[in-house]
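> whatever this is, show me its structure:
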Amino acid sequence: MSFINKVKNELKQYFKTSKKYLIVAFIVAVIIVILGYVFAADLSVFFDSAAQMGGESETVFSIFTNNFAIALGMIFGGALLSIPSLFFFGSSSFLFVGYCMMLYGPVMFWIIVAPHGIFEISSFIIALAGALMLTHVEVRIIKAALNKEKSDKDELNNSHDLIKAVGVTVIICFILLAIAAFIETYITGYYAIVILSLMS
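Modelled structure (predicted):
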């Protein structure tokens, strides 16, 4: 089997395993964005300086390492019942998205962030899905520990696809965030200037 076909099969298996977790993560994202939009006035004290466009420039590496650290925090926060994951998901990502939508207007915001935002936002949704999968594995193991008829080893074997999907999640987030960091550094700024000049 060629490398490309192997990757295709792995991705197909990943999305089959993670589909329901991705749907839940997407729904949570939409809810948090709406909350950020509705309560933008109350969130201004936290997000106002970060939301200013045209601030101090960052490097590809600094943007990538910051975002990937957040994604890893989300994914492995699943070992703590996804509580830290939801905190990172809301405070570092989607509340801010909702706030910026209110600040700049939904259409303008999505036009400006679209080049890198598609990759960055997708990666955080995938990261939360990874956290939920990890939490599911943990819950299975806890149930097995409380049930004498099942063993932890059996539950780990039964959770093989979920554990593998968590690993794939890390790789996907790495790739998406690397692409997002490159685009944000070298494309988004110039793209935003052109769009804003055309609309002024």
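> low-scoring pLDDT stretches of this structure, where are they?
When the per-residue scores of the chain are filtered using pLDDT under 70, the ranges that remain are 1, 49-57, 149-152, 200.
> one more pass at 80, please.
Screening the chain residue by residue with the criterion pLDDT under 80, one finds the ranges 1, 47-57, 92, 147-157, 196, 199-200.
> give me the most central residue, it.
When the chain is reduced to its mean C-alpha position, the nearest residue by C-alpha atoms, centre = their mean turns out to be residue 124, at 0.4 Å.
> give the contact list for that one.
If a contact means C-beta atoms under 8 Å, 6 or more residues apart in numbering, then residue 124 has 29, 70, 71, 74, 89, 93, 94 as its contacts. Using the backbone N, CA and C atoms, a C-beta is placed for each residue, glycine as well.
> out of the residues you listed, which comes closest to residue 102?
Looking at the contacts of residue 124 and their distance to residue 102, the nearest is residue 94, at 13.0 Å (C-beta to C-beta).
> next, the buried residues of stretch 75-86.
Neighbour-count burial for stretch 75-86, counted by 16 or more other C-beta atoms under 10 Å, picks out 75, 76, 77, 78, 81, 82, 84, 85, 86.
> scratch that, stretch 64-77
64, 67, 68, 70, 71, 72, 73, 74, 75, 76, 77.
> circling back to that earlier point, what's the helix or strand for the residue nearest to the centre of the chain?
Under the assignment given by DSSP states H and E, the secondary-structure element containing residue 124 is helix 106-146.
> what's the answer for residue 171, then?
helix 160-183.
> so what does that helix touch, helix or strand wise?
Applying 3 or more C-beta pairs under 8 Å, 6 or more residues apart in numbering; DSSP states H and E, one finds that helix 160-183 makes contact with helix 3-38, helix 60-76, helix 106-146.
> mind putting the ones you listed in CSV, distance to residue 176 included?
Supplementary listing: the helices and strands packed on helix 160-183 in CSV, determined by distance: least, C-beta to C-beta, whole Å:
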stretch, distance to residue 176
helix 3-38, 13
helix 60-76, 9
helix 106-146, 4
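> one step back: dump the buried residues of stretch 75-86 into CSV; add distance to residue 193 as well.
Rendered in CSV, the data for the buried residues of stretch 75-86 read as follows (distance: C-beta to C-beta, whole Å):
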residue, distance to residue 193
75, 35
76, 38
77, 37
78, 39
81, 44
82, 39
84, 37
85, 35
86, 36
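> residue 110: which of those is nearest?
residue 86 (23.7 Å).
> nothing else from me, thank you.
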